[in-house]
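Enquirer: okay, here's the prediction I keep looking at, along with the sequence it came from:
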Amino acid sequence: MTDGEAVNKRQMAPVITLTTDFGTSDAYVASMKGVILTINPKAVIVDICHSIEPQNILQAAFILSTAYHYFPEGAIHLAIVDPGVGSQRKAIILKTPKAFFLAPDNGALSYIIDELDTTPAKPAHHFSPSPEQRKLGAGFEAVAITNPDFWRKSVSTTFHGRDMFAPVAAHLSLGIAIHKFGESLSHVFAFHIPRPFRDNQGNLIGRVLHIDNFGNLITNIRSGDLPGERITVTIGSQHIDGISQFYAEKEGLAVIVGSSSYLEISLKNGNAAAFLDAKVGDEIRLKQ
């Protein structure tokens, strides 16, 4: 890094992103931004998504995982989908080599942990029904947000996003060390993300991870998992031959490698999820 690059990096305004299920028809998101900007007026706040389905922790986890890579190093990412707000669930900060993540300890950071954890793990063929405690590997640091010095003076039992997470993120963006916010953690809760595997016939078996706003089915099979382009993909009773390069390349159902390097099933000028009556967790089968 040159001297000029180092100076620019120090002068860069801190970036704080928001991913929530709050929607935009109420004042919840705006009030969080107001809290952040009151503490750090120089913060740059970016909305990743506020249309997460209510209480859909896995959806929030996936969307955050596809976006955070594109932000500057040191960015602070808030993921607030919190059906357990006000209960005994922990609020946590997770530090990785390149970013900070703030979330309830409810599995909202599952993909972050799964992507960066290099410790051996058993392949998961299905989504686990509930998150389980997972030991953090090398490169991770986590704390429970237990120090009220960094919260708002009055904390609502129903809106920790505004009264705990937002002020903590703002103070973190000012350079406060992570250990100041609370006690260190060696384990956090995470869902087991299903991984593709081969069956007894040598077929590659995957699962639908996410259905996007267009009805495209995004699977857990990445471009590097593909045995080649001459494949047949089966979902339900439908068989799709070959891999297309873009959405409009062929009529009907198509298989493409999307912008996040995951294999997707799409329907030209239509909604693949509705056409197939598909849902997250459904099985897909690849045969060469």
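Expert: Here it is on my side, so go on. Numbers count the residues shown, from 1 in each chain.
Enquirer: stretch 18-31: end-to-end distance?
Expert: With CA to CA, to the nearest Å as the measure, stretch 18-31 spans 12 Å from end to end.
Enquirer: what residues sit buried inside that stretch?
Expert: Leu18, Thr19, Thr20, Asp21, Phe22, Tyr28, Val29, Ser31 (16 or more other CB atoms under 10 Å). Where you see a C-beta, it was placed from the backbone N, CA and C, and this is true even at glycine.
Enquirer: could the residues you listed be laid out in TSV, adding distance to Leu226, secondary structure and pLDDT?
Expert: Shown next, in TSV, are these (distance: CB to CB, whole Å; DSSP: H, G, I helix; E, B strand; the rest coil; pLDDT from 0 to 100):
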residue	distance to Leu226	secondary structure	pLDDT
Leu18	34	strand	98
Thr19	29	strand	98
Thr20	34	strand	98
Asp21	33	coil	97
Phe22	37	coil	97
Tyr28	41	helix	97
Val29	39	helix	98
Ser31	45	helix	98
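Enquirer: out of the residues you listed, what pair is the most spread apart?
Expert: Thr19 and Ser31 (16.2 Å; CB to CB).
Enquirer: alpha carbons only: can I get stretch 46-61 in CSV?
Expert: The C-alpha trace of stretch 46-61 is given here as CSV (Å, rounded to 0.1, in the frame of the first residue of the first chain):
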residue,chain,number,x,y,z
VAL,A,46,-26.3,1.8,2.9
ASP,A,47,-29.5,-0.2,2.8
ILE,A,48,-29.0,-3.7,1.6
CYS,A,49,-32.5,-4.9,2.0
HIS,A,50,-35.6,-4.1,4.2
SER,A,51,-38.0,-6.4,2.5
ILE,A,52,-36.9,-9.6,4.2
GLU,A,53,-40.0,-11.7,5.0
PRO,A,54,-41.0,-11.1,8.6
GLN,A,55,-38.9,-13.3,10.9
ASN,A,56,-37.2,-15.1,8.0
ILE,A,57,-33.7,-15.3,9.5
LEU,A,58,-32.3,-17.6,6.8
GLN,A,59,-33.4,-15.2,4.0
ALA,A,60,-31.6,-12.4,5.7
ALA,A,61,-28.6,-14.5,6.2
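Enquirer: give me the distance from that stretch to the chain's centre.
Expert: Taking CA atoms, centre = their mean, to the nearest Å, one finds stretch 46-61 lying 8 Å from the centre of the chain it belongs to.
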